[in-house]
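> prediction below, plus the sequence it came from.
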Amino acid sequence: MPKVSSDFVRVVLDELRRRQKSRAVKPSSDFNLRALYAALNAQRQARGLSWAQAAKEINQRPKRLSSHRLSASTLTGTRTRTAGEGDGVLQMLRWLNRTPESFVPGHRDSEEATARLADVPLHQILRFDTRKLHAALDAQRIKKKMTWAQVAKEVGLGAASLTRLSKGGRTCFPQVMRIVRWLARPAADFTSAADW
């Protein structure tokens, strides 16, 4: 058996580390909440609406319960916040008729039909199915023979944030987009109509 030099081993290990880092989802490719704000503002201005009127329109479809309505400050807050509640952002995206991917810089599939958010009946709301999201993560994790810590490192989130999805509940932007990008699937795959 031929002897392998330590330089060769170092080069191979460095290349493997570089490839591992390049696979990780980078924050610079995150869902851009400031761009969402700009799109909301442009749509609002084009239609001659105040922020309160825009919020009222967004809340009309679906007929949101008063305890779950989006406020004008929630809409304008997308300009400065680093995270946005997932289901609320979905309603904003539906009002804009835009895909979540269209707010991820450099995303190639932002206008694909599979990325389009579904229409839902007036009495329902489009929400993220976090259990389905967790199941897809777990299946991909098992397929790649990875630990939750390894997946979390590639996604750019804590392992507990990923495993907590199995309990259902809510998620937020931009984190959810990091997850679906790692899965190489559109966000729409993990949404469904629900009653509040």
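Yes, it's here.

> contacting residues around the most centrally placed residue in the chain?
For the chain, the residue nearest the mean C-alpha position is M177 (2.4 Å; C-alpha atoms, centre = their mean). Neighbour list for M177: D30, F31, P100, E101, V104, A187 [criterion: C-beta atoms under 8 Å, 6 or more residues apart in numbering]. Quick note: C-beta positions are derived from backbone N, CA and C, even for glycine.

> can we see that at 6 Å?
Counting by C-beta atoms under 6 Å, 6 or more residues apart in numbering, M177 makes contact with F31, V104.

> A strand includes it, no?
No: counting by DSSP: H, G, I helix; E, B strand; the rest coil, M177 is not found in a strand; it is helix.

> okay, it: pLDDT?
Listed pLDDT for M177 reads 94.

> go on, L126?
pLDDT for L126: 89.

> now for it, how many residues are close by?
Neighbourhood size, L126 [other C-beta atoms under 10 Å]: 19.

> what do you get for L90?
Neighbours around L90, by other C-beta under 10 Å: 23.

> is it correct that it is in contact with L126?
Yes: in terms of C-beta atoms under 6 Å, L90 counts as a neighbour of L126; the distance is 5.0 Å.

> flag the helix or strand of the chain with the lowest per-element mean pLDDT.
Least confident helix or strand of the chain, by mean pLDDT, DSSP states H and E, is helix 6-23 with a mean of 49.

> now do A52 against R44, distance only.
Per C-beta to C-beta, to the nearest Å, A52 is found 10 Å from R44.

> between those two, which is the more surrounded one?
Counted by other C-beta under 10 Å, A52 and R44 do not tie: R44 has more neighbours, with 20 against 12.

> list the residues that contact that one.
A54.

> let's see that with 10 Å instead.
Counting by C-beta atoms under 10 Å, 6 or more residues apart in numbering, R44 makes contact with S50, W51, Q53, A54, A55, E57, A72, L75, T76, W95.

> swap in Y37?
L75, T76, G77, T78, R79, T80, R81, G84, M92 are the contacts of Y37 under C-beta under 10 Å, 6+ apart.

> does the fourth one really touch W51, like I thought?
No: using C-beta atoms under 10 Å, T78 and W51 do not qualify as a contacting pair, with a distance of 11.1 Å.
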